[in-house]
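**Student:** Pasting the sequence and the predicted model now:
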Amino acid sequence: QVQLVESGGGLVQAGGSLRLSCAASGRVFDLEAMDWYRQAPGKQRDLVASITRGGSSTYADSLKGRFTISRDNAKNTVYLQMNELKPEDTAVYYCRADTRYNSHYWGRGTQVTVSS
């Protein structure tokens, strides 16, 4: 089992920045990719960014240049730096961990609200 705890969400004005963190515990030696997803009210959960254990990252096309995913394997933590935030970035942000056995674990999410 892997447990994930997100933090860093909150209320920010448009144009501001936030840094989300997701700390993993448990069977962390099984972890491969770690991902950030987001879900706005009434919408599906969408992939924001993903990073492999080796540090290779991918992003949703619409977020490239504003969001940066990073990872500290020693701390079993993944981060999401979000800059130039827009009201449409308002959502619950979820961390997901993917294991070498193709299983997935989710955190409970952290709310990000961007005011105009």
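**Tutor:** Received it, and whenever you're ready, just let me know what you need.
**Student:** Every contact and neighbour count from this point should use C-alpha atoms.
**Tutor:** Will do.
**Student:** Pass me the low-pLDDT residue ranges in the chain, would you?
**Tutor:** By pLDDT under 70, the chain contains no weakly predicted segment.
**Student:** what ranges do the strands span in it?
**Tutor:** When assigned using DSSP state E, the strands of the chain occupy the ranges 2-7, 10-13, 18-26, 31-39, 45-51, 57-59, 67-72, 77-82, 91-99, 104-106, 110-115.
**Student:** what bridges to the residue nearest in space to the middle of the chain?
**Tutor:** Centroid-nearest residue in the chain, with CA atoms, centre = their mean: Trp36, separated by 2.7 Å. Beta-bridge pairing for Trp36 (DSSP bridges): Ala49, Cys95.
**Student:** residue contacts, Ala91?
**Tutor:** Contact analysis of Ala91 by CA atoms under 8 Å, 6 or more residues apart in numbering lists 38-41, 111-113.
**Student:** Now distance to Phe29 and neighbour count too, for these, in TSV please.
**Tutor:** Converted to TSV, the contacts of Ala91 look like this (distance: CA to CA, whole Å; neighbours: other CA atoms under 10 Å):
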residue	distance to Phe29	neighbour count
Arg38	25	22
Gln39	28	19
Ala40	32	16
Pro41	34	9
Gln111	28	20
Val112	29	22
Thr113	33	20
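**Student:** Would you reformat the residues you listed as TSV and include distance to Ala60?
**Tutor:** Converted to TSV, those look like this (distance: CA to CA, whole Å):
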residue	distance to Ala60
Arg38	11
Gln39	14
Ala40	15
Pro41	19
Gln111	19
Val112	18
Thr113	19
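**Student:** Let me know the closest of the residues you listed to Val92.
**Tutor:** Of all those, Val92 sits closest to Gln111, with 4.4 Å by CA to CA.
**Student:** The closest one reaches Ser7, doesn't it?
**Tutor:** No: applying CA atoms under 8 Å as the test, Gln111 and Ser7 come out as separate, 9.0 Å apart.
**Student:** Would you mark the buried spots in stretch 42-53?
**Tutor:** 47-52 (16 or more other CA atoms under 10 Å).
**Student:** so who does the spatially closest residue to Glu84 that is not a sequence neighbour touch?
**Tutor:** Distances taken as CA to CA, 6 or more residues apart in numbering put Gly15 closest to Glu84, at 4.2 Å, once the chain neighbours are dropped. Counting by CA under 8 Å, 6+ apart, Gly15 makes contact with 83-86.
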